[in-house]
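Novice: Mind folding the following:
(one chain, ligands or ions: 1)
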Amino acid sequence: MYCGDETGAFIGDIGSHTARFGYGGEDCPKVVVPSAVYKHSPDENNYVGSSQGNQQPGGKKRGAKRGKYTAPVSLMNVPPHGCFSSDGDDEENCDVGFIPIYQSMNSNNNQTKQAGQDSCDGDGVIQDIDAWASLWEYSFSALTARGKSKHTVGYKKVEQSLDGPIDHPLLAVDSSSRIISTNLQERQKALMLETLFESLSAPAAYIAPSAMLSSFANGRQTSLVVDVGHTGSRVTPVVDGYLLHSGSCKSGRGGMWLGDVKRGVLEGCWKINGSDSVVNKWNGWKGAPPCQHDGVIPRYILQSKIEKLKANELEHLKKSPFHSMAVHEVMYEMMTSTSLQSIGISSDTSTPFVGYGSSENNDDVDMEDKNDDDEDADDDGPSYVLPDGTKVDLAQPVGKDLCRLPQLLLSEDLPSWIQPQTSNANDYASNMLPLHKLVHRSLSQILDADLRKELASNIILTGSASLTPGLDKSLSIELGKILPASYKHKVISSKSTVENRYGAWIGGSILSSLGSFQQLWLSKKEYEENGAVLGLQRFNNN
Ligand SMILES: Nc1ncnc2c1ncn2[C@@H]1O[C@H](COP(=O)(O)OP(=O)(O)OP(=O)(O)O)[C@@H](O)[C@H]1O
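Specialist: Numbering: from 1, shown residues only. This is a model prediction of the structure:
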């Protein structure tokens, strides 16, 4: 039990795309930054205290001096010079010290990036706990320096670094998926706890699962939480405030996947998970795809500072997770622009996309020639201009398809140009279920028929990618087609953008303000006496 003077909790929800921080009892987080940090010297020799028992859940060494980490990251600017390390002229050794917090976001991690597998493996597994801790430190410093009432969204430099400990109880949101092994989950929670107490000197701490908090934020103890986030969509049954393992499932269809598909359409080919070996061609454009030659160019490349980078540094930057995240930001801007969103998601999810099933005709087409023929066409139609000035013609049928790409979240059959041409196509399909099928799969794993019905009538749609206009209605319609008629299913989606975007954080804010919750904090004293074991028992909410 925690009986300190300061009961205002400091809450951190670090997702794979965005990290949100703020004080308990408030309506929304005050600091919202990308979930990544810079590490200024990736030199392994600088690691300290890295022997047995000092491993990341994902198996990496930890214990690097956190003074070398800086947060937050700006995806608009070239990374600071100190982030590049190269060993003499050896190009192979040039690296970029850009660390996404989660393993699944590391595009260099080939093992978790095999086609159809990245949607599950490494989901919510922290790849660098010191990077995770430095986001807490930055956010707390930002709030201390600017005052509690100021909002910090995106990159803002904070001169003041954290001098003393964070003198608030810390509530960390655990966004690891229920489908990763229990062992890995426990190891990760123990490591989070150790970091909260030992690195961040918290007087008390609590770790709460994201789905449980989203359910609380919607005023429900029992619900089926459908979180459409960055790395995919997760469905988690929450019963009386506890998570059920059976019925928890995940699909790779989420914000990052939609961004990848959009990028594929603009570039004229779709590389599954950044792998060079699986390339599907898109042939929907009348002329050459708008970004066929140079690809989608992120904003940082357009800066004059880019000229100061050496050729090998730029090459490595382009292969780094930093580049992927920066390209995603351009796709995100496009996806949320009013010109595209005004169309929204149509209730008819069966209309095929232009390029559907016709990729085999594409191979011999000379895109350059076609482009010449169509140069003057559709000059005055609706269009979208990318940051580098490339104009995307939205009047073409394929342009219209771009507007309704979010519909793919619910499409039964993926267009052939999206599916991998590999032997594990079945695994891919099973890991990439549309949302309604995912909900169906989850409910079918619940054995108690009454509970199944109760969950079906309390489906909570949350996560930033659920902000796609019309998604709640379309999901409800599709569920109506596959659930038994006796099920009165109900999809609950807040009308407020803030509640959808920050659902888990808001749940944490509510929970930490409840009088009855105060006895659940694990105090530093209890941690010192009993270690992480007591904490894991206390947080055993699944
Ligand atoms: N208004 C919007 N419409 C559609 N998609 C959006 C919108 N706003 C954000 N997104 C997408 O939502 C994703 C981020 O979702 P969210 O913030 O829930 O992820 P996260 O919690 O950081 O990550 P994860 O859920 O994978 O742990 C991004 O891919 C972003 O492009």
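Novice: contacts, neighbours, all on C-alpha from now
Specialist: Noted.
Novice: just the residues of the stretch 251-400 of the chain that are near the ligand, which are they?
Specialist: 255-256, 332, 336 (Cα under 6 Å from any ligand atom).
Novice: In JSON lines: these, plus pLDDT and neighbour count.
Specialist: Putting those into JSON lines (pLDDT from 0 to 100; neighbours: other Cα atoms under 10 Å) gives the following:
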{"residue": "255", "pLDDT": "94", "neighbour count": "27"}
{"residue": "256", "pLDDT": "92", "neighbour count": "23"}
{"residue": "332", "pLDDT": "93", "neighbour count": "17"}
{"residue": "336", "pLDDT": "87", "neighbour count": "16"}
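Novice: In strands only, show me those.
Specialist: Counting by DSSP state E, no part of those is found in strands.
Novice: any idea which of the residues you listed is closest to residue 73?
Specialist: residue 332 (17.0 Å; Cα to Cα).
Novice: Please report how far the closest one lies from residue 386.
Specialist: 11 Å (Cα to Cα, to the nearest Å).
Novice: just residue 73 next, same as before
Specialist: For residue 73 relative to residue 386 (Cα to Cα), the value is 22 Å.
Novice: coming back round to it: show only the entries of the residues of the stretch 251-400 of the chain next to the ligand found in helices.
Specialist: 255-256, 332 (DSSP state H).
Novice: need the strands for the stretch 351-500 of the chain, in chain order.
Specialist: For the stretch 351-500 of the chain, the strands defined by DSSP state E, counting those that start in this stretch occupy 383-385, 391-393, 459-462, 491-492.
Novice: could the ones you listed go into JSON lines alongside mean pLDDT and mean neighbour count?
Specialist: Listed next are these as JSON lines, based on pLDDT from 0 to 100; neighbours: other Cα under 10 Å:
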{"stretch": "strand 383-385", "mean pLDDT": "90", "mean neighbour count": "15"}
{"stretch": "strand 391-393", "mean pLDDT": "90", "mean neighbour count": "18"}
{"stretch": "strand 459-462", "mean pLDDT": "97", "mean neighbour count": "27"}
{"stretch": "strand 491-492", "mean pLDDT": "96", "mean neighbour count": "21"}
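Novice: how about CSV for those strands, with distance to residue 442 added?
Specialist: Below are these laid out as CSV (distance: least, Cα to Cα, whole Å):
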stretch, distance to residue 442
strand 383-385, 39
strand 391-393, 39
strand 459-462, 11
strand 491-492, 15
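Novice: quick one, which of these is nearest to residue 195?
Specialist: strand 459-462 (28.4 Å).
Novice: Strand partners (parallel or antiparallel) of that closest one?
Specialist: Take DSSP bridges as the rule and strand 459-462 pairs in its sheet with strand 223-228 (parallel), strand 491-492 (parallel).
Novice: from the chain's centre, how far out does that strand sit?
Specialist: 17 Å (Cα atoms, centre = their mean, to the nearest Å).
Novice: want to throw the residues of the stretch 251-400 of the chain next to the ligand into a markdown table with distance to residue 214?
Specialist: Listed next are these as a markdown table, based on distance: Cα to Cα, whole Å:
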| residue | distance to residue 214 |
| --- | --- |
| 255 | 18 |
| 256 | 21 |
| 332 | 23 |
| 336 | 23 |
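Novice: Between all of these, which two are separated the most?
Specialist: 256 and 336 (13.5 Å).
Novice: Report the buried residues of the helix ranked longest in the chain.
Specialist: For the chain, the longest helix by residue count, based on DSSP H, is helix 129-146. Neighbour-count burial for helix 129-146, counted by 16 or more other Cα atoms under 10 Å, picks out 129-144.
Novice: Let me see the mean pLDDT of it.
Specialist: Mean per-residue pLDDT for helix 129-146: 87.
Novice: Remind me what that helix packs against, helices and strands.
Specialist: Contacts defined by 3 or more Cα pairs under 8 Å, 6 or more residues apart in numbering; DSSP states H and E place helix 129-146 against strand 18-23, strand 31-34, strand 36-39, strand 69-70.
Novice: May I have the strands that pair with the last one, each with its orientation?
Specialist: Partners of strand 69-70 in the sheet, by DSSP bridges, are strand 36-39 (antiparallel).
Novice: So which residues on this protein come close to the ligand?
Specialist: Neighbours of the ligand within the chain, by Cα under 6 Å from any ligand atom: 15-18, 175, 229-232, 255-256, 332, 336, 463-465, 467-468, 501.
Novice: Buried ones among the residues you listed?
Specialist: Buried among the residues of the chain next to the ligand by 16+ other Cα under 10 Å: 15-18, 175, 229-232, 255-256, 332, 336, 463-465, 467-468, 501.
Novice: Most tightly packed of the strands paired with strand 459-462?
Specialist: strand 223-228 (a mean of 29; mean count of other Cα atoms under 10 Å).
Novice: With only the CA atoms kept, save that one in CSV.
Specialist: In CSV, the C-alpha atoms belonging to strand 223-228 read as follows (Å, rounded to 0.1, in the frame of the first residue of the first chain):
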residue,chain,number,x,y,z
SER,A,223,-16.7,-5.6,-22.7
LEU,A,224,-15.0,-6.8,-25.8
VAL,A,225,-12.3,-4.2,-26.5
VAL,A,226,-11.4,-3.8,-30.2
ASP,A,227,-8.3,-1.6,-30.3
VAL,A,228,-7.4,-0.5,-33.9
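Novice: after that strand comes which helix or strand?
Specialist: strand 233-239 (DSSP states H and E).
Novice: now that next one, how far from the centre of its chain.
Specialist: 16 Å.
Novice: That strand pairs with which strands, parallel or anti?
Specialist: strand 223-228 (antiparallel), strand 242-243 (antiparallel), strand 249-251 (antiparallel).
Novice: Can you redo these as JSON lines, where the extra columns are mean pLDDT?
Specialist: What follows is the strands paired with strand 233-239, written out as JSON lines (pLDDT from 0 to 100):
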{"stretch": "strand 223-228", "mean pLDDT": "97"}
{"stretch": "strand 242-243", "mean pLDDT": "92"}
{"stretch": "strand 249-251", "mean pLDDT": "93"}
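Novice: Select, out of those, the one closest to residue 404.
Specialist: With Cα to Cα, the closest approach to residue 404 among these belongs to strand 223-228: 16.9 Å.
Novice: Now do the closest one: everything it contacts.
Specialist: Strand 223-228 has contacts (Cα atoms under 8 Å, 6 or more residues apart in numbering) with 211, 214-215, 233-239, 254-255, 439, 454-456, 458-466.
Novice: change it to 6 Å
Specialist: 233-238, 254, 455, 458-463, 465-466 (Cα atoms under 6 Å, 6 or more residues apart in numbering).
Novice: Residue 212 is in contact with residue 175, correct?
Specialist: No: using Cα atoms under 6 Å, residue 175 is not in contact with residue 212, being 10.3 Å away.
Novice: Tell me the buried residues in stretch 394-407?
Specialist: Neighbour-count burial for stretch 394-407 [16+ other Cα under 10 Å]: 394-396, 398-407.
Novice: Let me know the closest of those to the ligand.
Specialist: Nearest to the ligand out of the buried residues of stretch 394-407 is residue 406 (Cα to the nearest ligand atom; 7.8 Å).
Novice: What sits closest to residue 261 if chain neighbours are left out?
Specialist: Excluding its sequence neighbours, the residue lying closest to residue 261 (Cα to Cα, 6 or more residues apart in numbering) is residue 270, at 6.8 Å.
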